[in-house]
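*Asks:* structure of the sequence below:
(one chain, ligands or ions: 1)
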Amino acid sequence: ASTWANVPQGPPDAILGITEAFKADPNSEKINLGVGAYRDDKGKPYVLPSVLSAEKKIIEAKLNKEYAGITGVPEFTKAAALLAYGPNSAAIKEDRVAITQSISGTGALRIGGAFLERFYPGAKTIYIPNPSWANHSAVFKDSGLKVEQYSYYDEDTIGLDFDGMISDIKGMPEGSIILLHACAHNPTGVDPTQDQWRAISKAVKEGGHYPFFDMAYQGFASGDTDRDAFALRHFIEEGHTPCLAQSFAKNMGLYGERVGAFSLVTSTPEEKKKVDSQIKIIVRPLYSNPPIHGARIASEVLNNPALNKQWLGEVKGMADRIIEMRALLKKNLEDLGSKKQWNHITDQIGMFAYTGLTAEQMEKLAKDTSVYATKDGRISVAGITSGNVKRLAESIYKITG
Ligand code: PLP
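*Replies:* Residues are numbered from 1 along each chain as shown. Here you go, the predicted structure:
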């Protein structure tokens, strides 16, 4: 028999299935709200002008293609840390933040998982929200951590189950690892308020838990990179020493360039040095060193004052378009006379909206109206345009009333 005769067929990726069904649909007015990538108001992928300018500069500089060090392009990681932790961060000023470039956000999560599996002194269980980004569980399991869930989403309010979340944090064994979405929670679009974050920080501290922040959408949620970093910075001010996965896929539109960073706040520069050395030992056998092109682009965008200013405006432009599409969708549903409450569409934030539609309704939406999105009722607001929002609202209204 063949060596691989016993390999079982794996299930297809849920999002890929949607894209295939979308492609096969002959309806010229079909709408794809499955993919987690920004689209402009014409429904087209968007390369940020600041990113194009940075890339042009880099190409014109005719740099060589030598390897970066194991932890990547230093000008990039330095600027990435400043973006996340803020220009006034004591942890950075005191040289207590270990950081490495990573294969975008996913790679950062994986390095973090591997580091915690090897060195976290407590139980190697990570608690992720229910629901969470579909890949979290797999990334952490493959890193050797045990994965559990905490309450996050309230089906009845289509909002945050704050009491359930706090109660679950209090119920975790002392010193548990907790994964927190820093902003623009995926898939729900439901974020805690700043006051709720303060209470979450307190509960995490009282439990002696260890916070791991996943920040895949800094700037993309509110349009303001500082505002979106509130939770992370607040936790640090309160004495936590979290670790952090950063992605530049969404906020710089660098998706396929795979630009990210993993960092960890330590207590002293000596500790930072030791952590750095172990991160290198983890990364070296995984992929030796990260790709340089995207990191050079991100570095130019972050470090060149004029490009940085331009980029911040472009991030805000993307966030504002998404916020506007949320408002338009809600208005269109209300204008149609929908008896349902649609406040959650505008209360939620970031790329995704959790509509509250059931799996059966989502199936009907695809079959009857050629609107494609995941079965959990999540729609990518980035896929809505001023040209398709009316038809989308009509489709949703047809199915939900
Ligand atoms: N974390 C969350 C919550 C995400 O939504 C994503 C992307 O969709 C990622 C991490 C990582 O994405 P990437 O590896 O493309 O940076």
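
*Asks:* residues in contact with Ala182?
*Replies:* 213-215, 217-218, 228-229, 231-232, 244 (CB atoms under 8 Å, 6 or more residues apart in numbering). Glycine gets a C-beta too; all of them are placed from N, C-alpha and C.

*Asks:* near the ligand too, which of these?
*Replies:* When contact is defined as CB under 6 Å from any ligand atom, the contacts of Ala182 meet the ligand at Asp214.

*Asks:* quick one: which of the contacts of Ala182 is nearest the ligand?
*Replies:* Nearest to the ligand, judged by CB to the nearest ligand atom, of the contacts of Ala182 is Asp214 at 4.7 Å.

*Asks:* need phi/psi at the residue nearest to Asn130 when sequence neighbours are not counted.
*Replies:* Distance criterion CB to CB, 6 or more residues apart in numbering; nearest residue to Asn130, sequence neighbours excluded, is Gln149 at 4.0 Å. Gln149 has phi and psi values of phi -120, psi 150 when expressed as degrees, to the nearest 10.

*Asks:* wait, Gln149 touches Pro129, no?
*Replies:* Yes: contact criterion CB atoms under 8 Å: Gln149 and Pro129 qualify, at 6.9 Å.

*Asks:* the residue nearest to Asn130 and the ligand, how far apart?
*Replies:* 15 Å (CB to the nearest ligand atom, to the nearest Å).

*Asks:* tell me, how many residues neighbour that residue?
*Replies:* Using other CB atoms under 10 Å, Gln149 has 15 other residues around it.

*Asks:* for stretch 212-219, C-alpha coordinates in PDB please.
*Replies:* Extracted in PDB, the C-alpha atoms of stretch 212-219 (Å, rounded to 0.1, in the frame of the first residue of the first chain):
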ATOM      1  CA  PHE A 212      -1.600  37.700  26.100                       C
ATOM      2  CA  PHE A 213      -2.900  40.500  23.800                       C
ATOM      3  CA  ASP A 214      -3.700  39.900  20.200                       C
ATOM      4  CA  MET A 215      -3.700  43.200  18.400                       C
ATOM      5  CA  ALA A 216      -4.500  42.500  14.700                       C
ATOM      6  CA  TYR A 217      -6.400  45.800  14.100                       C
ATOM      7  CA  GLN A 218      -4.600  48.700  15.800                       C
ATOM      8  CA  GLY A 219      -6.000  51.900  14.200                       C
END
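
*Asks:* average pLDDT for that stretch?
*Replies:* For stretch 212-219, mean pLDDT rounds to 98.

*Asks:* OK, contacts around the most centrally placed residue in the chain?
*Replies:* Nearest residue to the geometric centre of the chain (CA atoms, centre = their mean): Ala216, 2.8 Å. Contact analysis of Ala216 by CB under 8 Å, 6+ apart lists 105, 133, 181, 184, 186, 245-247, 249-250.

*Asks:* and if we set it to 7 Å?
*Replies:* 105, 247, 250 (CB atoms under 7 Å, 6 or more residues apart in numbering).

*Asks:* what about the ligand: which of those residues touch it?
*Replies:* Checking the contacts of Ala216 against the ligand (CB under 6 Å from any ligand atom), the matches are 105, 247.

*Asks:* in helices, which of the contacts of Ala216 fall?
*Replies:* Gly105 (DSSP state H).

*Asks:* in the stretch 151-300 of the chain, what residue is nearest the ligand?
*Replies:* Ser247 (3.2 Å).

*Asks:* what are the ranges of the helices in the stretch 251-400 of the chain?
*Replies:* With DSSP state H, counting those that start in this stretch as the criterion, the stretch 251-400 of the chain has helices at 269-287, 293-303, 305-335, 343-347, 359-369, 389-400.

*Asks:* which of those sits most buried?
*Replies:* Among the helices of the stretch 251-400 of the chain, helix 293-303 has the highest mean neighbour count (mean count of other CB atoms under 10 Å), at a mean of 24.

*Asks:* just the CA trace of that one, in CSV.
*Replies:* What follows is helix 293-303 as a C-alpha-only set of coordinates in CSV (Å, rounded to 0.1, in the frame of the first residue of the first chain):
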residue,chain,number,x,y,z
HIS,A,293,10.6,43.3,2.1
GLY,A,294,7.4,44.0,4.0
ALA,A,295,9.2,44.9,7.2
ARG,A,296,11.3,47.5,5.3
ILE,A,297,8.0,49.0,3.9
ALA,A,298,6.4,49.1,7.4
SER,A,299,9.6,50.5,8.9
GLU,A,300,9.6,53.3,6.3
VAL,A,301,6.0,54.1,6.9
LEU,A,302,6.5,54.2,10.7
ASN,A,303,9.8,56.0,10.8
